[in-house]
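> Please find the sequence and the predicted model below.
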Amino acid sequence: MQYIGVDIGGTNLRVGVVEKSKVIHEKRVLADFSHICQSNSPEIAWQKIIAITSQTLLDVLNEFPDCKAVGIGFPGFIDPQTASIMQSPNLPGLFDVDLVGGIRKLIHCPVFVENDALAASYGEYCLLKEANLISTNDSMIYIGLGTGVGGGFIHKGEVFSGEHGVAMEVGHIITYQGGRPCGCGNKGCLEQYASASGVSISYYESKKIQLTAQQIADLAFDGDSDALEAYENAGRALGMALAHIVKVIDVSDVVIGGGMSQAWSLFEGAFNDQLDRDLIPVLRGKVKCHVSTTFDQAGMIGAALFAEHKEKH
Ligand SMILES: [Zn+2]
């Protein structure tokens with residue numbers, strides 16, 4: 001059985017054909033939806049987003065006509081009842097828009113939408129389950145470390161999206177009171193330390209040199225102590241935030257994903273030390289952290305598996 005998973009990223013639209021939890025075909029289209037939203041009226045921007053997404057889906061469905069359903073991981077808050085997109089912090093001007101309805105008019109295939117981090121969480125959950133690595137109560141927390149920090153909670157095998165589709169906005173947990181300013185309006189949010197941009201800021205603060213997280217990782221692997229410190233700083237913030245999360249939602253399994261997880265060995269030690277220190281003693285040693293093996297494909301795989309789950313229920 002084949003399902004389509006769509007990952008709407010910063011500058012790319014990625015459409016994957018997923019079979020047995022693997023991407024067997026991927027079509028990538030250069031599409032900067034943020035820029036489209038900034039340079040058009042909301043109505044025109046929305047028409048363009050629907051047109052680009054539908055056309056890409058039609059191209060893929062032409063090649064893979066047996067696909068049963070389409071799942072879309074969308075960077076925004078999705079109303080759990082109506083599936084309409086209420087707001088997207090990365091796509092300014094869009095409020096209460098109907099992605100599923102707009103696309104369904106143009107393609108003849110069931111379409112489902114979920115918040116992108118929650119879709120990735122669901123994908124990671126299914127992969128852990130397949131590998132028999134999940135604890136018996138089928139619950140799990142996902143934290144995606146990319147340009148920002150996203151998260152998801154799977155409760156008894158189901159995506160937990162919360163009352164208003166805003167559950168697990170973990171990137172905005174405040175880890176340092178009065179710390180770095182964040183796009184959300186607060187200061188000291190996890191995202192400002194444990195994301196790729198957070199690592200860049202940490203390195204800039206000590207060396208006054210602007211580098212990408214990848215460049216800093218390369219330096220750290222070569223033994224640069226400031227570069228390593230920037231990653232350890234990310235690890236401490238993440239450990240602190242995760243200890244808070246686990247005290248609220250007592251789970252055994254956590255998956256760390258997103259692009260930054262590829263440099264996990266650089267901040268794993270600082271993360272584990274901080275987590276251990278901040279956890280309630282009874283929980284120490286009982287939280288298993290798995291590093292994602294899907295890296296940048298989790299969004300597509302998760303969206304496709306979410307569509308499969310929805311189509312069958
Ligand atoms: Zn914030």
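Yep, it's here. Residues are numbered from 1 along each chain as shown.
> Contacts only, for residue 281.
By CB atoms under 8 Å, 6 or more residues apart in numbering, residue 281 lies in contact with nothing. In short, each C-beta sits where N, CA and C put it, glycine included.
> Buried residues, stretch 120-139. List them.
Neighbour-count burial for stretch 120-139, with 16 or more other CB atoms under 10 Å as criterion, is recorded at 120, 121, 122, 123, 124, 125, 126, 127, 128, 134, 138, 139.
> What residues of stretch 23-40 count as buried?
23, 27, 31, 33, 34, 36, 37.
> Now do the contacts for the fourth one.
With contact taken as CB under 8 Å, 6+ apart, residue 33 is in contact with 8, 13, 45, 49, 90, 91.
> ranking the residues you listed by neighbours, who comes first?
Neighbour tally across the contacts of residue 33 (other CB atoms under 10 Å): the maximum, 26 neighbours, falls on residue 8.
> which residues pair with it across the strands?
Residue 8 has these beta-bridge partners by DSSP bridges: residue 13.
> Show me which of the buried residues of stretch 23-40 is closest to residue 284.
Nearest to residue 284 among the buried residues of stretch 23-40 is residue 23, at 37.2 Å by CB to CB.
> Name the nearest residue to the closest one, sequence neighbours excluded.
residue 16 (4.2 Å; CB to CB, 6 or more residues apart in numbering).
> Quick one: classify the one you found as helix, strand or coil.
Using DSSP: H, G, I helix; E, B strand; the rest coil, the structure places residue 16 in strand.
> Quickly note the distance from it to residue 56.
Using CB to CB, to the nearest Å, one gets 11 Å for the distance from residue 16 to residue 56.
> now residue 312
In this view, residue 312 and residue 56 are 25 Å apart by CB to CB.
> of the two, who's got more company?
Using other CB under 10 Å as the criterion, residue 312 and residue 56 rank with residue 56 on top: 19 against 9.
> Isn't the more buried one up against residue 30?
No. Residue 56 lies out of contact with residue 30 (CB atoms under 8 Å); the separation is 10.9 Å.
> Please, where are all the strands along the stretch 201-313 of the chain?
253-257, 288-291 (DSSP state E, counting those that start in this stretch).
> which residues are in contact with the longest one?
Put plainly, it is strand 253-257. Contact partners of strand 253-257, identified using CB under 8 Å, 6+ apart, comprise 120-121, 124-125, 128, 133-135, 139-145, 238, 242, 246, 264, 287-292, 294-295, 298.
> re earlier: spell out which residues are contacts of both of residue 16 and residue 56.
By CB under 8 Å, 6+ apart, residue 16 and residue 56 have these common neighbours: residue 27.
> what does this structure put close to the ion?
Within the chain, the positions near the ion by CB under 5 Å from the ion are 172, 182, 184, 186, 189.
> Residue 172 is in contact with the third one, correct?
Yes. Taking CB under 8 Å as the definition, residue 184 is a contact partner of residue 172 at 5.0 Å.
> Could you check which of the two has the larger neighbour count?
More crowded of residue 184 and residue 172, by other CB under 10 Å: residue 172, with 18 against 14.
> So what would you say the end-to-end distance of stretch 57-76 is?
20 Å (CA to CA, to the nearest Å).
> Correction: the previous question concerned stretch 5-19.
The first residue of stretch 5-19 is 10 Å away from its last residue (CA to CA).
> Buried residues, it. List them.
5, 6, 7, 8, 9, 13, 14, 15, 16, 17, 18, 19.
> Kindly report the same for stretch 284-304.
287, 289-290, 292, 294, 296-304.
> And for stretch 194-201?
Buried residues in stretch 194-201, defined by neighbour count with 16+ other CB under 10 Å: 194, 195, 196, 197, 198, 199, 200.
> Thanks again, I'm all set now.
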